[in-house]
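*Asks:* Need a 3D model of the sequence below.
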Amino acid sequence: MTEFFGYPRPDGSVGIRNTLLILAGTVYANKLCAHVASLIQGAIAIEHPLGRTQVKPDLRLTRRFLSGTGANPNVGGVVIVDHFQELGCTAEDIAQDISPTGKLIATVNIRKSGGLISATEKATRYALEIARQLSNQRREAAPLSKLIFGMNCGTSDTTSGLSSNPATGLCSDKIIAEGGRSIMAETTEWMGAEVWLTGKAVSKEVADKIMAGVADMEARALASGEDIRGSQPTGDNILGGLTTIEEKSMGACKKAGNSPIVDYLDIAMPPGSQPGLYVMYGPGHGAESISSIAAAGSQVLVFSTGGGHTISHPIMPTIKVTGHQESWDLMKDTMELNVSGVLRGEISLEQAGQMVFDEVLATCNGRLTKSEILKDDNSFAIHRVGISI
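*Replies:* Take a look at the predicted model:
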């Protein structure tokens, strides 16, 4: 049994980081949260442009993203800040969602606190006290079955489906074999590979959900007046040699590895307790996709990239892997692994998968990603289903 050393939480989950989250419940709390986080050791702010004047389905989705992010095992405590009163997504609503985890939570309302200066002072004092309590916690041994492993890809090219994506899938297989769970999102990158994916589903019900998810995503794109194939593959995909969405999807789905798909998840929803591979509805937009995976509870994510990428989630360490030697040479300050040796016959896919697995385990045990070291936590975004009102 493989173990990692993490931070046990009251709900039985285990974090690989012990972050104090300063969470904006609304766009109007962003600067306050960023300022408080800048004052407190170990604190990270989550900022976003939403939480106000949204249609109800969108507001519910915003709340799901924010609550799920606060509930992620990597968060040891959270200070939630809102502005006035947005029914259905107040700081108290979000705190109520997070509270079953048993972690430390405080809420601040800017108006009720007497304005920006008073609210900043209040939030800073809460953060100070929570940070002191979190500093008492120590890493403890935990089985790999406690891990939820996230997978995503971006700036894909012809090397992705032949090296970094299948290597990521083999890493996922290893985690699942030890009782862990994996999440693969990006519905737009299943199109053209649906039959292959549904063939991996454990039941007809799961297979039908996959097909319905693809149909729904395409219908949403068509409703905008644009065929999704006008945006997928992207310009960088085309420059990298990918010519059709089907070709892109066949490579992207290699992240699924050889494990059966045990269930289908709506966007930002946590997986069940059953070990295995879960597929999640969502867009190909990288920041929204990885944010949905983090909100579902994933503690670590591998981001496979052909052309190179700087993407990194604020609270979920993001390991970037490429199979393109030139991209590695140009972008090695933001990527962790180069598996281009697969294409030169220098290493096997199995060896590349082991490299990814070893990096994941080291990251779970505390090794910092390059983006963490550079404080380049640049990719939090909330998916939208409707218009602003």
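*Asks:* So Val27 sits against Thr53, correct?
*Replies:* No: with contact defined as C-beta atoms under 8 Å, Val27 does not reach Thr53; the gap is 9.8 Å. Yep, even glycine has a C-beta here, placed from its N, CA and C like the rest.
*Asks:* Point out where the stretch 201-350 of the chain drops to low pLDDT.
*Replies:* Along the stretch 201-350 of the chain, the parts satisfying pLDDT under 70 run over 228-231.
*Asks:* can you map out the strands along it?
*Replies:* Counting by DSSP state E, counting those that start in this stretch, the stretch 201-350 of the chain has strands at residues 261-265, 276-280, 300-305, 318-322, 337-338.
*Asks:* Which segments of the chain make up each domain?
*Replies:* The record assigns the chain these domain ranges, following automatic domain parsing: 19-134, 144-373.
*Asks:* Among the strands of the stretch 201-350 of the chain, which comes closest to Ala142?
*Replies:* With C-beta to C-beta as the criterion, Ala142 lies closest to strand 300-305 of the strands of the stretch 201-350 of the chain, at 13.0 Å.
*Asks:* one step back: so which of the domains of the chain gets nearest Glu3?
*Replies:* Among the domains of the chain, domain 144-373 comes nearest to Glu3, with 6.9 Å by C-beta to C-beta.
*Asks:* next one: the closest one to chain centre, how far?
*Replies:* On the basis of C-alpha atoms, centre = their mean, to the nearest Å, domain 144-373 is displaced by 10 Å from the centre of the chain it belongs to.
*Asks:* Quick check: end-to-end length of that domain?
*Replies:* Domain 144-373 stretches 25 Å from its first residue to its last (C-alpha to C-alpha, to the nearest Å).
*Asks:* shift numbering so it begins at 7
*Replies:* New numbering, starting at 7: the last item is domain 150-379.
*Asks:* residue with max distance from the center of this protein?
*Replies:* Largest separation from the mean C-alpha position in the chain: Gly120, at 35.3 Å (C-alpha atoms, centre = their mean).
*Asks:* Against Thr174, how distant is that one?
*Replies:* Relative to Thr174, Gly120 is positioned 50 Å away (C-beta to C-beta, to the nearest Å).
*Asks:* ditto for Ser377
*Replies:* 17 Å.
*Asks:* before we move on, back to that, which of Val33 and Thr59 has more residues huddled nearby?
*Replies:* Between Val33 and Thr59, counted using other C-beta atoms under 10 Å, the more crowded position is Val33 (15 against 12).
*Asks:* Name all residues that make contact with the more buried one.
*Replies:* For Val33, the contacting residues are His54, Pro55, Leu56, Gly57, Arg58, by C-beta atoms under 8 Å, 6 or more residues apart in numbering.
*Asks:* Got a ChimeraX select line for the buried ones in the residues you listed?
*Replies:* Buried members of the contacts of Val33, defined by 16 or more other C-beta atoms under 10 Å, are picked up in ChimeraX with:
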select :54,56,57,58
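*Asks:* ok, the contacts of Val33 vs Thr75, which is closest?
*Replies:* For the contacts of Val33, the minimum distance to Thr75 (C-beta to C-beta) is 9.8 Å, reached by His54.
*Asks:* Give me the phi and psi for the closest one.
*Replies:* Per-residue torsions, His54: phi -160, psi 170 (degrees, to the nearest 10).
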